[in-house]
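In: Generate coordinates for the sequence data below:
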Amino acid sequence: TGIDDKARKKMLDVYEASALGRSGHLLGTSEVKGMSVGGCQGLRVMLRARDPDGTETHTLVYAVSDGETAYDFFLRNRKEFFEKNLPVFEKAVSTLKIASR
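Out: Numbering: from 1, shown residues only. Okay, here's the model as predicted:
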């Protein structure tokens, strides 16, 4: 039926912690959009982070639940490879079919 703001915030916190590792930091504001993923209500989350060595990483997450199991589909690449790999990832995600329970 959808993802409420509390669940959205909790999921964003998890994804941001994952993208940051132990000592990285976020670049800009994370983008979170509610959308259909695989036929169920889900989220599209975009994050940018930089590690202590200066490497910038972009992470795109499509998150969805069938009512029982949560599914997270990640594309995490260095900045210079992200745009190249994005179309293939989004095409693969667009073929998902998840039956809600």
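
In: how far away is residue 77 from residue 17?
Out: Separation of residue 77 from residue 17 (CB to CB, to the nearest Å): 19 Å. Just so you know, the C-beta spots here come from the backbone N, C-alpha and C atoms, and that holds for glycine as well.

In: which of those two has more neighbours?
Out: Between residue 77 and residue 17, residue 77 has the larger neighbour count (other CB atoms under 10 Å), namely 17 against 11.

In: Name the residue closest to the centre of the chain, please.
Out: Most central in the chain under CA atoms, centre = their mean is residue 61, positioned 1.6 Å from the mean C-alpha point.

In: For it, list the residues it contacts.
Out: Residues in contact with residue 61 (CB atoms under 8 Å, 6 or more residues apart in numbering) are 15, 43, 44, 45, 46, 47, 72, 73, 74, 75.

In: Can you tell me what sits against the lowest-mean-pLDDT helix or strand in the chain?
Out: Within the chain, no helix or strand scores below helix 5-20, which has a mean of 81 by mean pLDDT, DSSP states H and E. Identification of contacts with helix 5-20 by CB under 8 Å, 6+ apart yields 3, 26, 30, 32, 34, 43, 45, 47, 49, 57, 59, 61, 63, 72, 76.

In: Kindly write the PyMOL command that selects the buried subset of the residues you listed.
Out: Of the contacts of helix 5-20, the buried ones go into a single PyMOL selection, burial set by 16 or more other CB atoms under 10 Å:
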select buried, resi 3+30+32+43+45+47+49+57+59+61+63+72
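
In: Which strand residues bridge residue 31?
Out: For residue 31, the beta-bridge partners under DSSP bridges are residue 46.

In: that older thread, buried sites along the least confident helix or strand of the chain?
Out: By neighbour count on 16+ other CB under 10 Å, the buried set for helix 5-20 is 8, 11, 12, 15, 16, 19, 20.

In: what number of residues lie near residue 64?
Out: Using other CB under 10 Å, residue 64 has 24 neighbouring residues.

In: Got the confidence number for it?
Out: pLDDT, residue 64: 87.

In: now swap in residue 80 and tell me
Out: Among the per-residue scores, residue 80 holds a pLDDT of 96.

In: In helices, which of the contacts of helix 5-20 appear?
Out: Among the contacts of helix 5-20, no residue falls in helices (DSSP state H).
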